[in-house]
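Participant: pasted the sequence and its predicted model underneath.
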Amino acid sequence: MNKKGSDRGLYKSLATILVANSFTVLSPVISHANQLIANKVVSLENTSVISKDYASILNNNLIDFNGSFEDKIGTGNDISLWKDKVKPKYWEVSSYGNGNAPKGEIVNDVKDGKNAVKLVLNNSIGFFKTVTGSSPKIESGRDYKLSTWIKTENLVSESNMAPILIKVEQLDSKNNVLERNNIDTISDANEWTNLSGTITANEKAERLRIVVQIDEGLKNVVSGNVYLDDFTLEELEKEPISISLNESSIEITPGNSKKLDYTIEPLQANKQNVVWTSSDQSVAKVDENGLIKANKAGSAKITATIEKYPQFKAECKIEVKGTIEIEKIEFESDKIEIENNKHYVVKAKTYPQYSNEEYSLVVENENIATIENGIVRGIGIGTTTVKAINSSGGELGSFELNVKENEEDKYDVVLNKIYDSHIPNDLISPENNKVDQDVINDIVDAAKAYWNKMYKDTSKKYIWDDLSGNTSNASTNSNHITKSFERLREMSKAYLLEGSELKGNSDLLKDIVYGLDWLIENKYNASGDKVPFGNWWDWQIGAPQKLTDTLIILKDYLTEEQFKNYAEKISYYAPNARDMNSPTPTISSGANRVDMCQVALYTGLLIKNDNKVKESSNDLLPELKYVTNSKTNGIYKDGSLIQHDAIPYTGTYGAIFLEGVGKLNYLLDKTEWSIPQENVNMLYDVIKDSFEPLMYKGVVMDMVNGRSISRSNWQDIQNGEKVVKSIVKYFIPSATSKESSRLKGVVKYWVESNKDTNIVNNTKDLEYRAMLIDILNDDSVESSGPLQGHYNFAMMDRVVHRNSEYSFGISAYSDRTYMYEAMNQENLKGYHTSDGMTYLYNGDTTQYSRGFWATVNSNRLPGTTVDTLKLYDGANGSKVSSNQSWVGGSVIEGKYGVSGMYLDKNTEKEKNEAYKMDLTAKKSWFMFDDEIVALGSDIDSTKDRTIETIIENRVLSNEGTETFTVDGDISIKELGNLEKKEGASWAHIKGEKENTDIGYYFPNKANINILRENRTGNWRDINGTESDKIVKNNYLTMWINHGVNPNNEKYSYVLLPNKSLDEVKEYNEKPNIEILSNTESVHAVKEKELNITAANFWDDNQSVDFIYSDKQSSVIVREDSGVIKIGVSDPTMKNEGKIRIELDKKVGDLISKDDRIEVIDLSDKLILEVNVNGANGSTINAEFSIKETNSLNAPENVRITKKSSKSVSLAWDNPNDKKDAKYYEVYLDGELVDKVKNEKIKLKISNQKHIFNVRAVDKYGNKSDISEDVEL
């Protein structure tokens, strides 16, 4: 017999620790009483019983929904319809049919209080109503009175029906309308008039939406003004007829407690204050909630009296005894089956529940199983009995235990992979590695905190107070369920990890199992009264993922029956990976589909259901194929990754997607459920084409991180970790030997090259860290070095240009993509992030992650051309595309490229004239080897506001002292300095770290504004769910002011990343680039050293230099080593035919070409027809040899024919055939100053000492040597 002292009395309190079913009736208490007192109103929660605290609520039953309009907010889908962008919290306006939407104002013309609402009607039909999710909660069968005050001005309606109707809509748990109840109508009221009415709540009703309807019949428009104030909703009381208690007599021991629950009839009367009294407080005390505390042996009577109706009372007799014997013990089942070497946590309840007699558990055949601290372990095959024995040796109860063979099957193979990922005891060595131990200690500390705060009182409606629903969104915060399961998962890790001081703690294990059972019984329960509320994601992804993780971690401590029970609940909410409730039923896709496949897979593995596992694998396949149409969720051949219909999301959702598909592929690899090889091959292509170009030294570029840029704990480095982790944990182990080596080299470079973040020690994932260290320590793995190339993600309007020392990104939008995404209170100031914002990643890998987004001036993002109008939070933040299609570019040799964007800020979504913009601009970027040329033209606006182009807005060091030089002079030395530089030629920032210098060259000189400032902000400014803790950063901002109402303004500047001061100065003296055109029709630049000419043709039938295009297009040409290479694209993606390209060049043989190119002529000049139909903005390439031509002789006899103090005339002789020299380049003191077709020119001069040269150029662009110097 097992008589260890630790077992004795173990089950004295097990009834309150391990609950197998409803051991006690849960008490109907108000958990939000303190807030009720503070607010003097009933909480929006669904309360069922009044406690003593409720007596302090001024004897009323008013329900708060901001009916007096005192609480105001500045966000909401309808915010543009409210004056000054301020509206009452919990309320909204909307239109109906062909009528205009009512416009709202918060005014001081009130009935009571400070605020009222004025509705301005102009041929309107629509509603003013409570926001559905914030509409007041009601209870079935109860009576309510709605009241409001209203007055009108000049109401005009063509209808015979009332222009204004007050009504309510009763909603069920899914916000479906059960019934509508009209309260009253009004046609005219010059003075404040009260309207009121009563309703009885439908038996399925959970919320009451309050509606002011414009036009009773919703057919005729109404004009005029309506004033509303003091909406109140009052629950009407009913008199009670009785009160009863759940127990009439109780035996209890001194020092113990017991909760009494009461019921008041009828149900509608149960919000009455109940007074609790004890006949003898020395024997037993009772508090205001009916909790009895036994003090000493004796008898007492506890009485519950309805305070307002003292004739109604109920009593319970209390006997306090020294020892209360156990009458019997009941186990959760008569038969329990486990596998050999696995465990079972015994669950039992004692009768009576408050007995305090000690007892122990014994195993009849100790060759089959052992038991310690209430945990059974199978050690042999067979059947035995587990008994509960009291102190006298008497048997109190028993169950049969069957231990069967433990044979690893195909399901266990996969489950063990998941287990090892969570509990990587074979990979870690905390005793030898401080970082491992620190991570484990963090897990333990968190587990201790969760455990210590865990409630195990069966009368509670929660197991953690902070996840109890004690908030204004009590029964809508589904995240509390997800978080509860997550905590149990972390506690399970602490129970099993090596180096954990909680490892093997049986009390912790029992409480984890209790928590699982309690949540399944009370929160995540597949029954009619546990309908999903809040966010669908928690029910179908968040909670079941955390739950299945926990079950797999504890797989050796739970039985098959338990797995089946848990799986049944999961399948109720998430029956498969396809059907998603968001919030209405729809088909899942993208990261959501992958997450739901994981839920299905884990569930199928736990219950060993082959069909469910197979189904999860098959349901993944639709996500493992390329999409082609714009505004489609998925991955495109060009590497673009779109989510939420038209948002570039390679980071965030893309990173989640990569992790999810990588994990599932890894788990199913080499099983009968494995993903088909062609789909697996695609995944590795996606890593190479979609993710690697957007990774910079372990961070994901923010231009594809969507609204997560507004999350303080999910910045570019966190997105980067998710990508790196996915590759290390899932893709490398499943890859071919060749691809595995390649990916290891890429990972090694990312981690080693990031000097700002210790990526290895930054992670809390023990398995990932161990695997990453193995890669870094493997001398056979060669670092890949920096990825270099030019990447045009045409289908998501993003561009990346990479060389060995920096990466440059452009964020744009078109009619194919959305401007940005602001939702769930996130990314509230992201409205200019796709207006041509540029990103420069250099030696400062923390540029965008150390509070950049919380502190940057959102109207001055680098690269953008902006209307300086101050926009409201979340302005047009959902599903707004451009009116323009010309966004894209072309690439040559995979290394150099040009990109353009037709910026058009007109949008029909903005209804408020004060916030409408009509700014348009054509913007181009030419990306070569060590410079980026930015051109802008056709900049127009008529809204009487200043327009700016932002050259730079860079976070500086903590000191903010980086030297900034303009034309050789140090400028804006101190924080707060603002200067304007007229006619600047070049500028330079001296970076704090290596490879952080940046140069700027202005080809046509520029009037620039420069500001060095310290900016403060907080994350809540851009994300309503974040902290308002102050964040500070120093910035250097540089911009061009185009003035008010600019007309055909333009700009040009060149970025010179990582160039020193001297190198920028030298570049200014001898620039490598020449701007060929910056007009409304063509942007074109030549890079002299690379001999690249690139052009964006905004209009049809345009030419520049030697290039002609008959259609809108982007063209890039390079002449090098006797070869001419051409790249052509249709950035508009609207051309369903061909583009005719003519190059005034003599070419020889065709070397290669895309099948889409037809060579029309190459005799005198090269003529191509490029089929761009369905090319989706991709670059179409061809290569030809260059035909040798007669070399040109340099112009001869260059001479001065006339001179004055301000000008000089030159002439020269042409030694070539007249037709060979197309034009001449004229140089003044080594600088190209003009091009002429004749052999003469007149030049302006500044002094009397100059050197002149001339060179001849033929029609193919070939140039002669430069002429001899002519001195003045």
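Facilitator: Great, that's in hand.
Participant: so which strand or helix has the residue nearest to residue 169 when sequence neighbours are not counted?
Facilitator: The shortest distance from residue 169 to any non-neighbouring residue, by Cβ to Cβ, 6 or more residues apart in numbering, is to residue 209 (4.3 Å). C-betas here are computed from N, CA, C, even on glycine. Counting by DSSP states H and E, the element that carries residue 209 is strand 207-214.
Participant: and residue 401, by the same measure?
Facilitator: strand 395-404.
Participant: what does that strand contact?
Facilitator: Strand 395-404 is contacted by residues 326, 328-331, 333-340, 344, 348, 359, 363, 368-369, 376, 378-390 when judged by Cβ atoms under 8 Å, 6 or more residues apart in numbering.
Participant: from those residues, which land in helices?
Facilitator: When DSSP state H is applied, the contacts of strand 395-404 are split such that none fall in helices.
Participant: just the buried residues of these.
Facilitator: 326, 329-331, 336-340, 344, 348, 359, 363, 368-369, 376, 378, 384, 386-390 (16 or more other Cβ atoms under 10 Å).
Participant: strand partners of the longest strand along the chain, parallel vs antiparallel please.
Facilitator: Longest strand in the chain, counting residues (DSSP state E): strand 998-1017. Here strand 998-1017 has these sheet partners by DSSP bridges: strand 978-989 (antiparallel), strand 1031-1044 (antiparallel), strand 1049-1057 (antiparallel).
Participant: put the alpha carbons of the shortest one into CSV.
Facilitator: Only the C-alpha atoms of strand 1049-1057 are listed here, as CSV (Å, rounded to 0.1, in the frame of the first residue of the first chain):
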residue,chain,number,x,y,z
GLU,A,1049,6.4,72.0,-60.5
LYS,A,1050,9.3,69.5,-60.5
TYR,A,1051,12.3,68.3,-58.6
SER,A,1052,15.5,66.3,-59.0
TYR,A,1053,18.0,64.9,-56.5
VAL,A,1054,20.4,62.1,-56.3
LEU,A,1055,20.9,59.9,-53.2
LEU,A,1056,24.5,58.7,-52.6
PRO,A,1057,24.3,56.1,-49.9
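Participant: what's the angle between the very next helix or strand once past it and strand 1049-1057?
Facilitator: Scanning forward in sequence from strand 1049-1057 by DSSP H and E, the next helix or strand is helix 1061-1069. Computed by axes from the mean of the first three to the mean of the last three Cα atoms, to 10 degrees, the angle separating helix 1061-1069 from strand 1049-1057 equals 140 degrees.
Participant: between the two ends of stretch 125-136, how far is it?
Facilitator: 25 Å (Cα to Cα, to the nearest Å).
Participant: mind checking the pLDDT average for it?
Facilitator: The pLDDT scores in stretch 125-136 average 92.
Participant: most tightly packed of the strands paired with strand 998-1017?
Facilitator: Counting by mean count of other Cβ atoms under 10 Å, strand 1049-1057 has the highest mean neighbour count of the strands paired with strand 998-1017, with a mean of 23.
Participant: how far off centre is that strand?
Facilitator: The chain centre lies 33 Å from the centre of strand 1049-1057; the measure is Cα atoms, centre = their mean, to the nearest Å.
Participant: from here on, count from 52
Facilitator: Got it, the first residue is 52 from now on, which makes the last one we talked about strand 1100-1108.
Participant: how many residues are close by the residue nearest to residue 220?
Facilitator: 21 (other Cβ atoms under 10 Å).
Participant: about what we covered before: which one, of the strands paired with strand 1049-1068, ends up nearest to residue 974?
Facilitator: Among the strands paired with strand 1049-1068, strand 1100-1108 comes nearest to residue 974, with 9.0 Å by Cβ to Cβ.
Participant: what residues does the closest one touch?
Facilitator: 856-857, 859, 889, 891, 893, 981-991, 998, 1000, 1002, 1049-1055, 1057, 1091, 1093-1094, 1114-1115, 1118, 1122, 1124, 1126, 1129.
Participant: just the buried residues of the residues you listed.
Facilitator: For the contacts of strand 1100-1108, buried by 16+ other Cβ under 10 Å: 857, 859, 889, 891, 893, 981-991, 998, 1000, 1002, 1049-1054, 1057, 1091, 1093, 1115, 1118, 1122, 1124, 1126, 1129.
Participant: if we ignore the residues flanking it in sequence, what's nearest residue 1212?
Facilitator: Per Cβ to Cβ, 6+ apart, closest to residue 1212 is residue 1218, 4.2 Å.
Participant: OK, contacts around the one you found?
Facilitator: Per Cβ under 8 Å, 6+ apart, neighbours of residue 1218: 1191, 1192, 1193, 1194, 1210, 1211, 1212.
Participant: which of those residues are buried? Put it as a ChimeraX command.
Facilitator: This is the ChimeraX syntax for the buried subset of the contacts of residue 1218, where burial follows 16+ other Cβ under 10 Å:
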select :1191,1192,1193,1194
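Participant: just the ones of the buried ones among the contacts of strand 446-455 in strands?
Facilitator: Using DSSP E, those in strands are 380-382, 387-390, 395, 399, 410, 414, 420, 427, 429, 435, 437-441.
Participant: what about residue 1034, distance to residue 1160?
Facilitator: 34 Å (Cβ to Cβ, to the nearest Å).
Participant: circling back to that earlier point, including mean pLDDT, could the strands paired with strand 1049-1068 go into a markdown table?
Facilitator: A markdown table is the format used below for these (pLDDT from 0 to 100):
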| stretch | mean pLDDT |
| --- | --- |
| strand 1029-1040 | 98 |
| strand 1082-1095 | 98 |
| strand 1100-1108 | 99 |
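Participant: residue 736 is nearest to which of the ones you listed?
Facilitator: strand 1100-1108 (29.5 Å).
Participant: could you report the pLDDT at residue 875?
Facilitator: According to the prediction, residue 875 has pLDDT 84.
Participant: do you know how far it is from residue 586?
Facilitator: 9 Å.
Participant: all good on my end, thank you.
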